[in-house]
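A.B. asks: with the sequence up front, the predicted model follows.
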Amino acid sequence: MRIEENYSLEKHNTFHLPVKTRWFMEYASEEELGRILRDEYFQECLSLHIGGGSNLLFINDFNGIILHSQIKGISVAEETDDSVLLRIGAAEKWDDVVAYAVSKGWGGIENLSLIPGEAGAAAIQNIGAYGAEIKDVIEAVEAYNQLSFEKRTFTNEECLYGYRSSYFKNEHNDPYIVTYIYIRLSKRPQFSVGYGNLKEELAKYPEVTLQAVRDAVISIRRQKLPDPDELGNAGSFFINPVVPAAQYEKLKEQYPEMPSYPAGEGKVKVPAGWLIEQCGFKGKSHGPVGVYEKQALILVNLGDARGHEIALVAESIRTAVNDRFGIEIMPEVKYVG
Ligand SMILES: Cc1cc2nc3c(=O)[nH]c(=O)nc-3n(C[C@H](O)[C@H](O)[C@H](O)COP(=O)(O)OP(=O)(O)OC[C@H]3O[C@@H](n4cnc5c(N)ncnc54)[C@H](O)[C@@H]3O)c2cc1C
């Protein structure tokens, strides 16, 4: 177990905000986690479990305990002629899991290549990209209840997955710490390449293979998204809003070019990036905070931004979008502090 006091989180958040935490605790096994959870001081303190910090915005220093897992490992829990069930430690880097699966010829997560963060958080966030979501392959999630210390294995249904949401993200539910996830992958992969410009990019490859899909996704993402190691960011800052179809139809009369995607009966999803771009934010900087020039949905740290400055820019974007379109956009990024 590793315990640090007054520890910098700069390397633990992809905005690279220079915040500190009073305590930082890293455990490498379920036994170590159990010891932390049962500790009286831990129970009295404010605490937050983080993964790779790629979806977090630290507003202030954290006056409590930041927990981080070092539980790693990928093992085959079950194998049939058609599929494999993998058990993956929550601290495995998600993209390493994808690379491993692709190298073995197991399909189902190749479209989720290069999404930053760790496997545990991927299952909490229900990460998605290029028409795929992790919920489609999740079979179970092992987690510890932070209040009762009991271990529970959630089935896919019990995870209550929705668009970028799950049981674990609902603040009304008991807090859980995810230790392992189970994903089922196919030995006879079926490719899903109809989303965005993936098909176009794949045309550059001699044949469609798992590796080609992974490479194509990585290539598109590298062209479109800022690398957090070079320009601090947390990916899409806002969730794409879902609005009633009637409201969308009315808006479309005024803005005929407004894009949309079906989102269940009587509802449509509108790309938040388009709404923000229409409000004139794309490519603009506000002091040390920028709105990425290639994608208005991404806020970037231009150098020495602080969390509250990023939050202020986000708030002025939300207000502008609401004033113009009557649509409320909500942060995907979790504010801390
Ligand atoms: C450049 C870039 C591109 C991105 N692209 C995408 C994309 O295409 N699709 C997408 O869905 N997301 C995307 N994201 C967002 C982000 O990568 C995902 O949300 C990712 O799953 C976050 O993982 P993390 O390990 O960094 O989690 P963190 O940001 O550290 O934490 C996220 C949440 O999970 C909780 N948490 C983390 N680990 C645990 C655990 N073991 N137990 C309990 N709670 C835990 C945290 O408390 C927090 O609430 C992108 C981000 C960046 C920076």
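C.D. replies: Sure, I can see it. Numbering: from 1, shown residues only.

A.B. asks: could you use CA atoms for every contact and neighbour count after this?
C.D. replies: Fine.

A.B. asks: which strands or helices does the biggest strand by length in the chain pack on?
C.D. replies: Secondary structure of the chain per DSSP state E: the longest strand is strand 176-186. In this structure, strand 176-186 makes packing contacts with strand 83-89, helix 119-125, strand 138-145, judged by 3 or more C-alpha pairs under 8 Å, 6 or more residues apart in numbering; DSSP states H and E.

A.B. asks: so which of these is the most surrounded?
C.D. replies: For the helices and strands packed on strand 176-186, ranked by mean neighbour count under the definition mean count of other C-alpha atoms under 10 Å, the leader is helix 119-125 at a mean of 26.

A.B. asks: returning to what we had before: of the helices and strands packed on strand 176-186, which approaches the ligand most closely?
C.D. replies: Put simply, out of those the one that sits nearest the ligand is helix 119-125, at 3.8 Å, with distance taken as C-alpha to the nearest ligand atom.

A.B. asks: now find how far off-centre that closest one is within its chain.
C.D. replies: Counting by C-alpha atoms, centre = their mean, to the nearest Å, helix 119-125 is centred 7 Å from the centre of its parent chain.

A.B. asks: what does that helix contact?
C.D. replies: Contact with helix 119-125 is made by 51, 88-94, 97, 134-135, 138, 141, 164-169, 178-181, as judged by C-alpha atoms under 8 Å, 6 or more residues apart in numbering.

A.B. asks: and that helix with the ligand, contact?
C.D. replies: Yes. Against the ligand, helix 119-125 shows contacts by C-alpha under 6 Å from any ligand atom at 120, 121, 122, 124, 125.

A.B. asks: rewinding a little: so which of the contacts of helix 119-125 also contact the ligand?
C.D. replies: With respect to the ligand, and counting by C-alpha under 6 Å from any ligand atom, the subset of the contacts of helix 119-125 in contact is 51, 90, 178, 179.

A.B. asks: just list whatever residues bridge to the third one.
C.D. replies: When bridges are assigned using DSSP bridges, the partners listed for residue 178 are residue 143.

A.B. asks: got the domain ranges for this protein?
C.D. replies: The domain map for the chain lists 2-69, 74-224, 232-336, with the assignment taken from automatic domain parsing.

A.B. asks: with mean pLDDT added, can I get those domains in JSON lines?
C.D. replies: As requested, these are arranged in JSON lines below (pLDDT from 0 to 100):
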{"stretch": "domain 2-69", "mean pLDDT": "97"}
{"stretch": "domain 74-224", "mean pLDDT": "96"}
{"stretch": "domain 232-336", "mean pLDDT": "96"}
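
A.B. asks: hmm, back to that, centre of the chain to the longest strand of the chain, how far?
C.D. replies: Offset of strand 176-186 from its chain centre (C-alpha atoms, centre = their mean): 15 Å.

A.B. asks: next helix or strand past it?
C.D. replies: On the C-terminal side of strand 176-186, the closest following helix or strand by DSSP states H and E is helix 198-202.

A.B. asks: what's that following helix in contact with?
C.D. replies: For helix 198-202, contacts defined as C-alpha under 8 Å, 6+ apart pick out 130, 193, 208, 212, 213, 216, 217, 220.

A.B. asks: buried subset of the residues you listed?
C.D. replies: Under a neighbour-count criterion of 16 or more other C-alpha atoms under 10 Å, the subset of the contacts of helix 198-202 counted as buried comprises 130, 193, 212, 213, 216, 217.

A.B. asks: could you identify the most distant pair in the residues you listed?
C.D. replies: 130 and 212 (14.2 Å; C-alpha to C-alpha).

A.B. asks: related to what we said a few turns ago, sort out which of the buried ones among the contacts of helix 198-202 are in helices and list them.
C.D. replies: 212, 213, 216, 217 (DSSP state H).
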